[in-house]
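Asker: Can you look at this prediction? I've put the sequence above it.
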There are 4 protein chains.
Amino acid sequence: MSSPIQPIKQNASMVVFGASGDLAKKKTFPALFSLYKDGRLPSDLVIVGYARSNIEPNDFIERITQFIKIDDNDSETKKKLEDFKTRCTYYRGSYDGVDSFQGLNKHLLEREGDREERNRVFYLALPPDVFVSVSTHLKQQCYPQKGAARLIIEKPFGFDLDSARELQSKLDPLFHENEIYRIDHYLGKEMVQNLTHLRFCNPIISHLWNKESISNVQITFKEPIGTEGRGGYFDTSTIVRDIVQNHLVQVLSLVTMEPPTSLAAGDLRDAKVQALRRTRLGELKDVVFGQYVKSKDGKHPGYLDDETVPEGSRCPTYSAIPFFVDNDRWDGVPFLLKAGKAMNTGKVEVRVQFKPVTNGLFKDSHRNELVIRVQPNEAVYFKMNIKQPGISSEPLLTDLDLTYKNRFTNMKLHEAYEALFYDAFVGDQSRFARIDELECAWTLVGPLLEYMEKEKPQPAPYEYGSEGPECLGEFLQKFGYVYDNPNYYEYPVTNLPDDK
Amino acid sequence: MSSPIQPIKQNASMVVFGASGDLAKKKTFPALFSLYKDGRLPSDLVIVGYARSNIEPNDFIERITQFIKIDDNDSETKKKLEDFKTRCTYYRGSYDGVDSFQGLNKHLLEREGDREERNRVFYLALPPDVFVSVSTHLKQQCYPQKGAARLIIEKPFGFDLDSARELQSKLDPLFHENEIYRIDHYLGKEMVQNLTHLRFCNPIISHLWNKESISNVQITFKEPIGTEGRGGYFDTSTIVRDIVQNHLVQVLSLVTMEPPTSLAAGDLRDAKVQALRRTRLGELKDVVFGQYVKSKDGKHPGYLDDETVPEGSRCPTYSAIPFFVDNDRWDGVPFLLKAGKAMNTGKVEVRVQFKPVTNGLFKDSHRNELVIRVQPNEAVYFKMNIKQPGISSEPLLTDLDLTYKNRFTNMKLHEAYEALFYDAFVGDQSRFARIDELECAWTLVGPLLEYMEKEKPQPAPYEYGSEGPECLGEFLQKFGYVYDNPNYYEYPVTNLPDDK
Amino acid sequence: MSSPIQPIKQNASMVVFGASGDLAKKKTFPALFSLYKDGRLPSDLVIVGYARSNIEPNDFIERITQFIKIDDNDSETKKKLEDFKTRCTYYRGSYDGVDSFQGLNKHLLEREGDREERNRVFYLALPPDVFVSVSTHLKQQCYPQKGAARLIIEKPFGFDLDSARELQSKLDPLFHENEIYRIDHYLGKEMVQNLTHLRFCNPIISHLWNKESISNVQITFKEPIGTEGRGGYFDTSTIVRDIVQNHLVQVLSLVTMEPPTSLAAGDLRDAKVQALRRTRLGELKDVVFGQYVKSKDGKHPGYLDDETVPEGSRCPTYSAIPFFVDNDRWDGVPFLLKAGKAMNTGKVEVRVQFKPVTNGLFKDSHRNELVIRVQPNEAVYFKMNIKQPGISSEPLLTDLDLTYKNRFTNMKLHEAYEALFYDAFVGDQSRFARIDELECAWTLVGPLLEYMEKEKPQPAPYEYGSEGPECLGEFLQKFGYVYDNPNYYEYPVTNLPDDK
Amino acid sequence: MSSPIQPIKQNASMVVFGASGDLAKKKTFPALFSLYKDGRLPSDLVIVGYARSNIEPNDFIERITQFIKIDDNDSETKKKLEDFKTRCTYYRGSYDGVDSFQGLNKHLLEREGDREERNRVFYLALPPDVFVSVSTHLKQQCYPQKGAARLIIEKPFGFDLDSARELQSKLDPLFHENEIYRIDHYLGKEMVQNLTHLRFCNPIISHLWNKESISNVQITFKEPIGTEGRGGYFDTSTIVRDIVQNHLVQVLSLVTMEPPTSLAAGDLRDAKVQALRRTRLGELKDVVFGQYVKSKDGKHPGYLDDETVPEGSRCPTYSAIPFFVDNDRWDGVPFLLKAGKAMNTGKVEVRVQFKPVTNGLFKDSHRNELVIRVQPNEAVYFKMNIKQPGISSEPLLTDLDLTYKNRFTNMKLHEAYEALFYDAFVGDQSRFARIDELECAWTLVGPLLEYMEKEKPQPAPYEYGSEGPECLGEFLQKFGYVYDNPNYYEYPVTNLPDDK
């Protein structure tokens, strides 16, 4: 029942740390410009890029705008981009020197000019080892005497429960939880945000959202590319830290949480934490680990072929992990978190498979499913049975579909970063991870990380570009998933089978 | 647990009574040919048209095939039509003379030739006042000594409970219930048949199919034309007998019945009867009666302008009637049966509106609905809420859609009559009305008919081509229906509202 | 929707066939007198005992009243008994001679005197091999020209499905189903009748009556005595025919049926049949068969020690059989029908064990149960958990109890036969078995009977006076029953465990 | 996820403020002795009574032990009492002078002697106007340098939301929430504690605990005596502050909360707060206010006859207030909080009335209820229907009962204070009110308090010793409560009605 956080509407600055990196040019600045263009940022916003590199002002501007695409005829937007550029400056500094931050403060003061208050947003797209140092200096040198300070932190937040807690213990004296915005950019994705709406605006879904109706849930992440030379970092991270512990567990908590007391950030995150605390890892022996090998056609290298990967590494690039939520709603329902690199396709989706019908009337009806496709090609659809059109009385599998791009015109789906930066200015923390959420997530996968470290289980091989390790079928079957796509089942148009 | 009815696969004849009428040429023979073409009729089928008119054989053949459309290039079908014609003969006779039926039998024997058994299907598309006479003569003169007899009877079956029982009491000594196929052609419609599949093949629907989830159900029939000179018959029938008591009550029983013990005809009809026996008419004072008047543009006459209509008639051409089903599943849920002629559109649909969400989280979410559109343009869709795509967090009303013609290629939806004739040969009575179903239906609307007769309530006027009487809005509101279509809501493509 | 059966209020006769047998003196006539005493029989009732034995009238009267106990001071009842005696006569006759039945008719006419109509109830407590002969003669010689005839038939009705159907096919031309009252005296027991009330008058029970709440159901019959010299008959019957197929399956159908359309006999029996038709036997390999051997103390002989039992018989005197009901309500819930002779106690009960709690909050809570004790000492109670009274927070198992004899004063629980004879006069068939119920019951146990006949499985031995075969524990565990009675759990008073 | 509070097992002291008052002698010291006797207090506990009165040490000991009853023959307990007395001393001091608290500290040090740590429990049974002063001095003079401090505060905690917040704001700098134990002694009552067990250990209850099953809930407090000369205090408090806002709202939250994440104090109180935040007051116009007048026999005076009551006071001594909980579980279910003084009996109970059956089979079945009687004579029972024993088929209302004193031997039900003091030493805060619970409770009744203050509604009169104001019947009916006790319904023995 604490007082709500106020939006930053003016007197605003933002410092982007790590401004010389890829993320900055590919995501950060395009997202900021997109918000700027739509009038969603404070009109007097000062933007400072900060990094250690020596970059010329002009080069910087060019660098951060190179991925912004504007239609040649769109003079209005072009003009806005010119405006936007004037708001952006670059400041070179180290991540551990007092001088640098004193300098940054001075630079900010100059850019900001006279202001009643100074609202400053610090975005740390930095390696975790400099989080504390940068935060400390910011608190000491750049923290506004009057006005709001917000610290946006990129993942990873810790390497395990202990390290996350240690990191937090160092931030604790510097910034209040209300000032910290820990990014998990999955929380900014349209369809992940949509989960709350789907579940809590629709009685037809909320009535089904329990163990009585649901047989199993899959949360799947597939990336079509491998580590591609960046295996060094990945090898210590593994697919579990890289994808599961953060992104997929966040989605899991949104899928499983009870209705929150309100939609306020505090209540939403309470509900997520409460769900995660009732969640437990299934048995370790059931976890599937995989590591990709050379593609069938030999064109794509295996993980161990990546020169940055330690020889003989057993790092899983694929994992399928069962979780259970021990409460009245979910008792006994497996939640299968599957993530892999170098797969046959790129896809993120939540697939809810319902229990079979129990009236015993139709022998050949098919499993019902609700699929929420997060990316690409956002969609929500129910797979269900109808009578095969015609004389036949056979059940036919089809679906009730909502594919966004087919249904909506003038749709603008925002990049996750846009939504999140917008929220940070507005002061809405609901789509950022609170510290206890992270602790829960680390606690949840803790036994798995420990097991991986101690036992170094041999991952099952799967070919680059395939659907994952072979044992995956057995894994899914064990947890009740029935693969049930008859031959004729196709989207968006089904060619009906013979009318018998 | 009686022994199942055997299909008629050969040694088959069919007599179409009323063969000179409109139905015969528009529906009956086209349907028969369609089945014949697809090889769904006994290969040795003899078809005899029977009526009182004096028609030349050739004229008859031309008459009954005039509505059969064949593509010019489709020589195969053309050939089949020629074959079909050779199977059809016309026999002129009265409906009450022994001689006529002796003659018919002789004609049949000639056409049938030598047969081990004679399976005869008699289709009575006749006014009810000759049912008994024809049935009696058929039993005495044309009933096969060896082989199956089936009597297909067109509606109406009685004028009220008493007359229906009287009629049945006269059929009882002649034909066994297993031999009688009372047609309600709505039971042959694709989407009406589909109701059983939708409900019992899909846990996502069956879990929602109860008073906990459902607020109200509308079963709606709209016809865009008036009586158009046939008001004489209609005036005694009224919209209640013409549409509600038979077609809509049949749909109602399929919507409300418990899962039957099996899909066998006996079990299905038991389930329907059991549901109807728990069904009751709402309060008479709540019933809406309407009678159409001249259209706004004056082009279409009012009901009373029809010269065949008695002067000052209070016959309702529109009615909206509440029903309730007093059992555990449906206690308190209103089923609103709405039927009207001379409306703004032609449409038959079942619209299930769900209760609102009760978590109190979103203020502006919209009502969920499941719509099953029987005709035209068969479709099933859920109306539901998503997050408005974009920055906004508002709930947006949209739907998960299955429109048959968009989804299925090579689809052939059969005319109701095709399905029903097919069933009659196969011996599947599940889509014909059993006598106790009819008795239930008459019992159900009995108080209403009595009220109409005694009180002669003044129907509310509505313009030809309009949406019905004005008081309809109040009626729907009273029974919990919330009309909830925001401006932007459109199908198949929605233009999104502003992203706030 | 047939017209209801009229009660017999006067002009009444009853013929008790098999009047010289044990049942007659122990049950039939005491039950008739009890009804007579309470004014529940027609005031002009004529009662005729019929058998083949040569019995003097006085001896007969003495014989049939010897088990009627009247308090010495109860002069009113004594007087009623004298009245009752005057209504009873004995007629000696054969079961297959026309003369006998002509004589019976004459005897009846004499006793009845002048009557407007003659309502006659024939009670056949006879071996099944004379059912048809007696019924035929009754129809021909004693069937009233004006007035109602009712045929009450004792079990067994057939030996298997075929024989039951054959028997019925012979009764069919003689008596209408509405005239036949097939006794299963379990349906007359107070607590069996109460099942309908418990289930359909109490939302607290009806809300729990489904697979979501219920883990497993046991229907248990225990008799403390063995065959005791009557093993000859029993050996062909086996415990399955003797107890399970009739009594326990009847109870099963009352436990599992859906709410009937009404409480009328037809609807109730429809509901039972519909439930039985969705019921199936579990796997044969899971069935437990037992045969009792000598008691531990050697005082009671084993089944094979009974001289009337064929040597080496494998006839089961105990069986535990799993059934399942394949519908939405019961999918997956095992119904365990257990019956045995020569057990540790005499008891009939229905025990519903609920699924465990799934909130994960309390580690040591106990299983909830609903127990309906049919006999002896009628009771209904919920086993459930409370906080252990005192400082401790441990869950404590106790119960919410309704033991009839403790709760009700001036209670008169009737013998099953009283209730059933009363119903026969009233014309209420709801507590008699309709032919399709019996067919279903035979169909249900058919595979088991066949298996027993073909495979002659060796029953597991259990000691006379024990709790049954040892493998019973495994059987129960397999089907989810958790035996969960902590040491302290006692009825009616619990000594609380230490308050920790 | 904060670290749990450690129990105080030794090195313990307790200071009882307000030691000269009635509560101290009647409740506090008897409760402490009871715990001491059972070995539930730290063995080295030092107890100091503190008050402003001048009391001789011996008088004090006698005073505080006068209500402790020991059986004459129970020498063991007598000896324990003597031991106990030696642990108790009295210290006279003011509530606002530094000296007094310095003196108290010195006194404590002397009594405690050498200790590794000093764990001190301060129990403030004081008027709220000295809470802050005493707390401040305690923090400054008596707070242990090493060891735990616990502050137990008696109600009332504030007079409304503002005053509660102000009070808390003053405690905030002194004691951490983990150190504050706000007493609501209802939370210590056996049956209130039992609520959690009943709800979460029993699937048969948890399945029913929702709007689908429950029609309405009453939480009732009845006191058989009036203000009896203490009306002065009561008049500003009113029945709303005296009973409803604290005790009944606490019970309400335990009845309505969702299953907590765990039984730990933090989680339990989170669940309660979340429930309270979804709770709202019904409409003010529906609230019933009553004020008692002279009893019918004239022996008991009316409220206004109490000389300490302001003339013409409109202070309600009775209120019946509807609340609603706006979430999925409880939407639309009224929770009726009823409290009154000078009633016909003394009773506290929770009465859950279930919705009626909806199968339409029995016309005369009675409403099911679950009653949890908190005091006197602790009990839990279901009111439900059975078949009337005997020939009749009427539903009969009876109950499945658990009356503690009949069922349990060697039961010792503790006074609420015992349980709470025990918890305070153990460090279990789950049965103490957290500050946000209190804020919620004040928020909840805020509009009511405001209304009473502004509008000063005239309370309805009711006679001392009656069942409350007459309009109560209408109130209950409006919110769906059906009073349904047939004449024959009695406990513990029912005399059955005639067997028809």
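Answerer: On my side now, so go ahead. Numbers count the residues shown, from 1 in each chain, chains lettered A, B, ... in the order given.
Asker: that's a strand at A:L151, yeah?
Answerer: Yes - according to DSSP: H, G, I helix; E, B strand; the rest coil, A:L151 belongs to a strand.
Asker: Contact residues of the stretch 351-500 of chain A facing chain D?
Answerer: For the stretch 351-500 of chain A, the contact set with chain D under C-beta under 8 Å from any C-beta of the partner chain comprises A:D436, A:E439, A:C440. For the C-beta atoms, the positions are set from N, CA and C on the backbone; glycine is no exception.
Asker: Just the ones of these in helices?
Answerer: A:D436, A:E439, A:C440 (DSSP state H).
Asker: give me the number of residues near the second one?
Answerer: Residues contacting A:E439 under the criterion other C-beta atoms under 10 Å in any protein chain shown number 20.
Asker: got JSON lines for the residues of the stretch 351-500 of chain A next to chain D, with distance to D:N487 and pLDDT too?
Answerer: Putting these into JSON lines (distance: C-beta to C-beta, whole Å; pLDDT from 0 to 100) gives the following:
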{"residue": "A:D436", "distance to D:N487": "58", "pLDDT": "95"}
{"residue": "A:E439", "distance to D:N487": "62", "pLDDT": "96"}
{"residue": "A:C440", "distance to D:N487": "58", "pLDDT": "96"}
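Asker: okay, those residues in CSV with distance to C:V15 next?
Answerer: Compiled in CSV, those are given as follows (distance: C-beta to C-beta, whole Å):
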residue, distance to C:V15
A:D436, 83
A:E439, 84
A:C440, 79
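Asker: Just name the closest of those residues to A:Q168, please.
Answerer: A:E439 (8.1 Å; C-beta to C-beta).
Asker: distance of the closest one from C:V217?
Answerer: 45 Å (C-beta to C-beta, to the nearest Å).
Asker: Now A:R92: phi and psi?
Answerer: phi -90, psi 130 (degrees, to the nearest 10).
Asker: What distance do you get for the residue positioned nearest the centre of chain A to C:S393?
Answerer: Centrality entry for chain A: nearest residue to the mean C-alpha point is A:Y186, 1.8 Å, by C-alpha atoms, centre = their mean. Relative to C:S393, A:Y186 is positioned 41 Å away (C-beta to C-beta).
Asker: just A:T398 next, same as before
Answerer: From A:T398 over to C:S393 the distance is 53 Å, taken as C-beta to C-beta.
Asker: Among the two, which residue is more densely surrounded?
Answerer: The residue with more neighbours, out of A:T398 and C:S393, is A:T398; 26 against 16, by other C-beta under 10 Å.
Asker: Shouldn't that one be within a strand?
Answerer: Yes - the assignment for A:T398 by three-state DSSP puts it in a strand.
Asker: didn't it look like it was pressed against A:Y489?
Answerer: Yes - assessed by C-beta atoms under 8 Å, A:T398 is found in contact with A:Y489 at 7.5 Å.
Asker: Quick one: end-to-end distance for stretch A:65-72.
Answerer: Stretch A:65-72 has an end-to-end distance of 15 Å (C-alpha to C-alpha, to the nearest Å).
Asker: Quick one: distance of that stretch to the chain centre.
Answerer: 25 Å (C-alpha atoms, centre = their mean, to the nearest Å).
Asker: Could I get the buried residue list for it?
Answerer: Under the neighbour-count criterion of 16 or more other C-beta atoms under 10 Å in any protein chain shown, stretch A:65-72 has A:T65, A:I68 buried.
Asker: got the residues of the stretch 201-350 of chain A near chain D?
Answerer: A:S206, A:E258, A:P259, A:T261, A:S262, A:D267, A:D270, A:Q274, A:R277, A:R278, A:N327, A:D328.
Asker: Mind doing that once more with 6 Å?
Answerer: Counting by C-beta under 6 Å from any C-beta of the partner chain, the stretch 201-350 of chain A comes close to chain D at A:T261, A:Q274, A:R277.
Asker: Point me to the helix or strand that includes the residue in the stretch 1-150 of chain A that chain B sits nearest to.
Answerer: As assessed by C-beta to the nearest C-beta, chain B sits closest to A:R40 within the stretch 1-150 of chain A, at 6.8 Å. Using DSSP states H and E, A:R40 sits within no helix or strand.
Asker: so where do the strands sit in the stretch 1-150 of chain A?
Answerer: Using DSSP state E, counting those that start in this stretch, the strands of the stretch 1-150 of chain A run over residues A:12-17, A:46-51, A:88-92, A:119-124, A:149-153.
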